[in-house]
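Undergrad: The sequence isn't on hand, but the structure is:
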C-alpha cells in the first residue's frame, strides 16, 4: 500500500508565504511524477506544479513565478514553496504521485494524498 502524507497547510495573509511538504510511504520502487494539485470550492481540480524524477518542473499558469517545487528522490518527498499568495490561491492542496511503481510490480499507478487546506485571507 502507498500513503502520501501532506503537511504545512494553514491560514496566511495575502502577500505571505507558505510551504507544503509531502512524503510517500510504502514499498515504492520509483515515482516518476511528484507534485501538487488544488481544488477550490465549486471548481475543478487543477495543476499547481509537478516535477519529474529527473528534475523537470511543470507549473500551472496561475502560479508561475510565485511557487517553487522541489523534490528529493531518495526520500520520496516533494515540497512546494508558495510565495506572494492571494485569496485566489485558497483551496485544498493535494499531493500527487504519478507513474509510481511498487517493488515487485510492473504496472504504474497514480496516487493522491488526503489534501491539506490552504486559506489566504486577511
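TA: Perfect, I can see it now. Please read all numbers here as calculations on a predicted model, not as lab measurements.
Undergrad: can you pull the contacts of residue 57?
TA: Neighbour list for residue 57: 49, 50, 51, 69 [criterion: CB atoms under 8 Å, 6 or more residues apart in numbering]. Yep, even glycine has a C-beta here, placed from its N, CA and C like the rest.
Undergrad: let's see it at 6 Å
TA: By CB atoms under 6 Å, 6 or more residues apart in numbering, the contact list for residue 57 reads 51, 69.
Undergrad: Check the spacing between it and residue 117 real quick.
TA: 24 Å (CB to CB, to the nearest Å).
Undergrad: The strand or helix carrying residue 48 packs against which elements?
TA: Element membership for residue 48 (DSSP states H and E) is strand 46-52. Applying 3 or more CB pairs under 6 Å, 6 or more residues apart in numbering; DSSP states H and E, one finds that strand 46-52 contacts strand 28-39, strand 57-59, strand 67-72.
Undergrad: now do 10 Å
TA: Judged by 3 or more CB pairs under 10 Å, 6 or more residues apart in numbering; DSSP states H and E, the packing partners of strand 46-52 are strand 28-39, strand 57-59, strand 67-72, strand 77-82, strand 91-102.
Undergrad: partners of it, with directions?
TA: strand 28-39 (antiparallel), strand 57-59 (antiparallel) (DSSP bridges).
Undergrad: Nearest to residue 14, out of those?
TA: strand 28-39 (16.8 Å; CB to CB).
Undergrad: Would you format the helices and strands packed on strand 46-52 as a markdown table with mean pLDDT included?
TA: Below are those laid out as a markdown table (pLDDT from 0 to 100):
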| stretch | mean pLDDT |
| --- | --- |
| strand 28-39 | 98 |
| strand 57-59 | 98 |
| strand 67-72 | 98 |
| strand 77-82 | 98 |
| strand 91-102 | 98 |
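Undergrad: Lovely, talk soon.
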